[in-house]
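A.B. asks: Pasted the sequence and its predicted model underneath.
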Amino acid sequence: MYTQAIDIPQGPKDEVPRRPRSLREDEYEAEFDARVGRGEFVEPKDWMPEAYRRTLVRQISQHAHSEIVGMLPEGNWITRAPTLKRKAILLAKVQDEGGHGMYLYAAAETLGVSRDEMIEALHSGKAKYSSIFNYPTLAWADIGVIGWLVDGAAIMNQIPLCRCSYGPYARAMIRICKEESFHQRQGYDLLLTMMKGTAEQREMVQDAVDRWWWPSLMMFGPHDSDSTHSGDSSRWGIKRISNDELRQKFVDATVPQAKVLGVQLPDPELKWNEARGHWDFGPIDWQEFWNVVGGHGQCNRDRLADRVKAWADGAWVREAALAHADKQRHRDQLAA
Ligand SMILES: [Fe+2]
Ligand SMILES: [Fe+2]
């Protein structure tokens, strides 16, 4: 997964307090800007502006949370997968998403934030995660459509991050993007199989496409004109391509795939624009988007409650691992 432009403000406390700066800091910042301008990576021990660090912590942790919460809507179908092959594929995919969350938490930790702080921010509802996971997975076809559209949108969003200015984030994204491309293909393959099946199966696919199309377009975040953090993020080389450009690329890539599949995308205004060389599409319901971001989507409460419960249920594992590490340390000390 997953992102919605990956960087949604988390409230007024999120802003970096303004304070007078020393001449030294001005010099450092000029050097920092020049390095980023030359396309060099910024590494954990390098000096960086506080606002850059905070933006990255917010973005990478939102990204990590999205991977982890993103396991829930699909994990819910593992026991109901129709064949052993599909079960094995889905298990592997959900496990990948868990791994993505772990790399990303580790990348955020290099910026001086602890995993406990990040988890606490998620569980208290302060931290955001991609709103796409607040929609329910009602049928087996949803699993295919999530792979095709949701992982497909995630790839569009995430490929440019492989070149983002922060080294640990960029490097994590290379492996993540490779795995996401497997996720997209398994979804498309699942749908192709269903489309060759019965009329009922084809209807099930169409219904899932109808429900997931618009939320997938929302994954690219608000229009460029309404996107709060985009200016700084592009200047710092975190964001390389704007929300609207990525959304257009996604639509252009997806329309021909829908044709091959034999499904209708639920947008009467979708039409090829010869002059622009792109597909035109209808208006997005931003009220719905902000409603879900604000915690009022169909599954927000369940998703958060499930994460909090999983964390509490896993407490004994964390405690046992710590106790084991302690015992080992004690043994090593005695031996020394
Ligand atoms: Fe994925
Ligand atoms: Fe992922």
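C.D. replies: Nice, I can see it. Ligands and ions are numbered 1, 2, ... in the order given.
A.B. asks: OK, contacts around residue 265?
C.D. replies: Neighbour list for residue 265: 209, 213, 254, 255, 258 [criterion: Cβ atoms under 8 Å, 6 or more residues apart in numbering]. (Each C-beta comes from the backbone N, C-alpha and C, glycine too.)
A.B. asks: Between the residues you listed, which sits nearest ligand 1?
C.D. replies: For the contacts of residue 265, the minimum distance to ligand 1 (Cβ to the ion) is 16.1 Å, reached by residue 254.
A.B. asks: quick one: the closest one and residue 149 touch, right?
C.D. replies: Yes - using Cβ atoms under 8 Å, residue 254 and residue 149 qualify as a contacting pair, with a distance of 7.1 Å.
A.B. asks: Give me the more crowded residue out of the two.
C.D. replies: Neighbour totals were compared for residue 254 and residue 149, and residue 149 leads with 28 against 21 (other Cβ atoms under 10 Å).
A.B. asks: Please report how far residue 49 lies from residue 167.
C.D. replies: For residue 49, the distance to residue 167 equals 16 Å [Cβ to Cβ, to the nearest Å].
A.B. asks: and what of residue 34?
C.D. replies: When residue 34 is compared with residue 167 (using Cβ to Cβ), they lie 17 Å apart.
A.B. asks: more crowded one of these two?
C.D. replies: For residue 34 versus residue 167, the count of surrounding residues by other Cβ under 10 Å is larger for residue 167: 16 against 10.
A.B. asks: need the contact list for the more buried one.
C.D. replies: 41, 42, 43, 44.
A.B. asks: ok, so of the contacts of residue 265, who is nearest ligand 2?
C.D. replies: residue 254 (18.5 Å).
A.B. asks: Do you have the strands of this structure handy? List them.
C.D. replies: 271-273, 278-280 (DSSP state E).
A.B. asks: any idea which of those strands is most buried?
C.D. replies: Each of the strands of the chain was scored by mean neighbour count; the highest is strand 278-280, a mean of 15, by mean count of other Cβ atoms under 10 Å.
A.B. asks: And that strand, how far out from the chain middle?
C.D. replies: Remark: strand 278-280 is offset 25 Å from the chain centroid, using Cα atoms, centre = their mean, to the nearest Å.
A.B. asks: Top of the contacts of residue 167 by number of neighbours, please.
C.D. replies: residue 42 leads those on contacts (other Cβ under 10 Å) with 24 neighbours.
A.B. asks: which ones are touching it?
C.D. replies: Contacts of residue 42 (Cβ under 8 Å, 6+ apart): 32, 35, 36, 48, 52, 165, 166, 167.
A.B. asks: and these as CSV, adding distance to residue 323 and pLDDT?
C.D. replies: What follows is the contacts of residue 42, written out as CSV (distance: Cβ to Cβ, whole Å; pLDDT from 0 to 100):
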residue, distance to residue 323, pLDDT
32, 43, 92
35, 45, 92
36, 44, 92
48, 37, 95
52, 39, 94
165, 41, 95
166, 35, 96
167, 35, 96
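A.B. asks: Pipe those residues into a markdown table and attach distance to residue 123 per row.
C.D. replies: Below are the contacts of residue 42 laid out as a markdown table (distance: Cβ to Cβ, whole Å):
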| residue | distance to residue 123 |
| --- | --- |
| 32 | 34 |
| 35 | 36 |
| 36 | 34 |
| 48 | 28 |
| 52 | 26 |
| 165 | 30 |
| 166 | 25 |
| 167 | 29 |
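A.B. asks: Check the contact between residue 263 and residue 207; I expect there is one.
C.D. replies: No - assessed by Cβ under 8 Å, residue 263 is found out of contact with residue 207, at 10.0 Å.
A.B. asks: Have a look at these two and say which one is more surrounded.
C.D. replies: More crowded of residue 263 and residue 207, by other Cβ under 10 Å: residue 263, with 21 against 16.
A.B. asks: Which pLDDT value belongs to the closest residue to the more buried one other than its chain neighbours?
C.D. replies: Distances taken as Cβ to Cβ, 6 or more residues apart in numbering put residue 209 closest to residue 263, at 4.9 Å, once the chain neighbours are dropped. Reported pLDDT at residue 209 in the predicted model: 98.
A.B. asks: Which residues are in contact with residue 209?
C.D. replies: Going by Cβ under 8 Å, 6+ apart, the list of residues near residue 209 reads 145, 149, 258, 263, 264, 265, 266.
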